[in-house]
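Enquirer: Need a 3D model of the following:
(2 chains)
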Amino acid sequence: MSAPGPRSLNCPSCGAGQSVFGGGRVKTYVCSYCGAALDARDGFRQIAERRDLNWPATPLEIGRSGRIDGVEMTVIGVLGVVERYKGREWRWVDHQLYSPTHGYAWLTWEEGRFVFTRKLRRRPDGGGVSRHAISVAESPPIARFGDERYVYYESGDHEISFAAGAFNFTPTVGDTSYVVSLLGRDRMVSRVESDNEVEWEISELAPRDETLRSFGVAPETVTASRRGVHPLESYSRAPIWGEMRFGAFALAGFCLLLMIVFGWSGGGVELGAASWTARERGVELAFTATDADRLLEFELEADVSNAWAELELEIVDAEDETVFAVARLVEFYFGRSGGEAWTEGSTVERLYARLPAPGDYVAHLELGESEVWVRSGRPASSMRLTIRQGHGSAWPAFYVGLIALFAGLALSVGPFVHGMLRRAGSDWSSS
Amino acid sequence: MSAARIAALTLVALLAGWTSYLSYYGVGGESRDVSQSVRERSAGGGGFSGRVK
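Expert: Okay, here's the model as predicted:
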């Protein structure tokens, strides 16, 4: 691919002929052959010289053009950068880009990934991120830009180790700048502090293979491999799973609402009620069920006190056929232990049943065995049966809600782990 | 609205409707100890030790 409108130049230091790319704001041109720095605004007068040029490894060379975010850009300069800390070294390559319509930008190549960076016209809002502010901060500093929140990710001194081509500033090998980077959802803002100025930049990951192809490089020929999860790398999965995750939690919330509505033991239409005393053996209660599609509630009550009583319930239909029969234990205990009062059980038992069809039925309720727990206890002396129809159940909502909740959690594991891996490379330390 | 969102909302709406139906009609809400007695053509008797007359 050819660069738009390059200028021709013979280096005044080594005489090598070369093309100078970039627009009218190119400030310095560094000879790609001998490293001499030339003033682009003063007829390419030599302002510095350097002889030992060790080109960093990069798939892009000066003059290559490609598209980033739909904008045609040309590589006009190459900068080798190194960061050193406690005996460790990190190296990467910054490519100065130029577009006649969008001006200057940077494309960084590090560990097989591209990061596209532009200058910010205004600084983000937020806490101090100077070297001193970071050294005394007790929690990671936060900055806001637009609607997004950026949290401190890393900081360090970046040193220029190599320079060649055209730049909109004057790079000198050995110059350092202090850079603080803060990570947002899928972009990073950086504060770059050099000797005489402070600038802010915003960066995002550029798709590797797409960018390489755009600049005329076959991705298969580039051997640099990606390691781990890049902090700017968003979690990648089919959009349907993100929607299903939200849907699962929404369904779980809806089921919780259903549980509250249908788990309420009150309500329903009362079909009949009857009371009797222990002197009577039992009671009969005739009732007419009009809705056999929903559940009937049979509420059994006995005034036991530190005692239990067995209540036997039988429902028969109009043909005197037994529909169902059940025995329930009503027990209630109370006392004091260690100065605190306690209770256990209840004087009310409820059971839910479904009748085979609407119609007339008779409920037979008898008092079976009964016993007191302590001498001061009182056995059942009076009992009551209340029948209500029109009940639902919270159980279907409980099981569906539980499955939905686990499905939502399972679909959250991937994004959560990815988010942790994104921030795993942060150099923040609370100490 | 994307196709993925429409598909997810449709599935959630169907599940919510189905669960509401089951809960409204109390499916699975019968007390476990309620037993269906065998319908016998008998002269009387009844469930436990007889019926209250």
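
Enquirer: beta partners of A:Arg336?
Expert: As for beta bridges, A:Arg336 partners with A:Ala341 under DSSP bridges.

Enquirer: From A:Thr343, how far off is it?
Expert: Relative to A:Thr343, A:Arg336 is positioned 11 Å away (CB to CB, to the nearest Å). Where C-beta positions appear, they are placed from N, C-alpha and C, glycine not excepted.

Enquirer: From what I see, A:Pro100 and A:Gly23 are in contact.
Expert: Yes - the pair A:Pro100 / A:Gly23 is scored as a contact, 6.3 Å apart, by CB atoms under 8 Å.

Enquirer: Those two: who's more crowded?
Expert: With neighbours defined as other CB atoms under 10 Å in any protein chain shown, A:Pro100 and A:Gly23 compare such that A:Gly23 has more, 16 against 13.

Enquirer: Return the distance of the more buried one relative to chain B.
Expert: Distance, A:Gly23 to chain B, using CB to the nearest CB, to the nearest Å: 40 Å.

Enquirer: Spatially nearest residue to that residue, not counting backbone neighbours?
Expert: A:Tyr98 (5.7 Å; CB to CB, 6 or more residues apart in numbering or on different chains).

Enquirer: Is that neighbour within a helix or a strand, and which one?
Expert: Per DSSP states H and E: A:Tyr98 is located in strand A:88-99.

Enquirer: How about B:Glu30?
Expert: B:Glu30 belongs to no helix or strand, assigned by DSSP H and E.

Enquirer: Is it in contact with A:Leu295, as I believe?
Expert: Yes - with contacts counted by CB under 8 Å, B:Glu30 reaches A:Leu295, the gap being 6.8 Å.

Enquirer: These two: which is more packed in?
Expert: A:Leu295 (26 against 17).

Enquirer: Mind pulling up the pLDDT for the nearest residue to the more buried one once chain neighbours are set aside?
Expert: Nearest residue to A:Leu295, sequence neighbours excluded (CB to CB, 6+ apart): B:Gly26, at 3.7 Å. In this model, B:Gly26 is scored at 91, pLDDT.

Enquirer: Equivalent analysis for A:Ser376, please.
Expert: The model's pLDDT for A:Ser376 equals 84.

Enquirer: How many residues are close by the closest residue in space to it that isn't next to it in sequence?
Expert: Spatial nearest neighbour of A:Ser376, chain neighbours left out: A:Asn306 (6.5 Å); criterion: CB to CB, 6+ apart. By the criterion of other CB under 10 Å, A:Asn306 has 19 neighbours.

Enquirer: Quickly note the distance from A:Asn306 to A:Val372.
Expert: Taken as CB to CB, the span from A:Asn306 to A:Val372 is 6 Å.

Enquirer: Quick check: neighbours shared by those two?
Expert: Shared contacts of A:Asn306 and A:Val372 (CB atoms under 8 Å, 6 or more residues apart in numbering or on different chains): A:Arg378.

Enquirer: Tell me where the stretch 101-250 of chain A has strands.
Expert: A:103-110, A:113-119, A:125-126, A:142-145, A:148-167, A:176-183, A:188-193, A:198-206 (DSSP state E, counting those that start in this stretch).

Enquirer: would JSON lines of those strands with distance to A:Lys86 be doable?
Expert: Formatted as JSON lines, the strands of the stretch 101-250 of chain A follow (distance: least, CB to CB, whole Å):
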{"stretch": "strand A:103-110", "distance to A:Lys86": "19"}
{"stretch": "strand A:113-119", "distance to A:Lys86": "24"}
{"stretch": "strand A:125-126", "distance to A:Lys86": "28"}
{"stretch": "strand A:142-145", "distance to A:Lys86": "26"}
{"stretch": "strand A:148-167", "distance to A:Lys86": "11"}
{"stretch": "strand A:176-183", "distance to A:Lys86": "16"}
{"stretch": "strand A:188-193", "distance to A:Lys86": "21"}
{"stretch": "strand A:198-206", "distance to A:Lys86": "25"}
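
Enquirer: so which of the ones you listed gets nearest A:Phe44?
Expert: Closest to A:Phe44 of the strands of the stretch 101-250 of chain A is strand A:148-167 (CB to CB; 10.4 Å).

Enquirer: Off-centre distance for the closest one?
Expert: Its chain's C-alpha centre and that of strand A:148-167 lie 28 Å apart, by CA atoms, centre = their mean, to the nearest Å.

Enquirer: For the residue in chain B that chain A sits nearest to, which residues are in contact?
Expert: Nearest residue of chain B to chain A: B:Gly29, at 2.4 Å (CB to the nearest CB). If you count contacts by CB under 8 Å, 6+ apart, B:Gly29 has them with A:Leu295, A:Tyr352, A:His391, A:Gly392, A:Ser393, A:Ala394, A:Trp395, A:Pro396.
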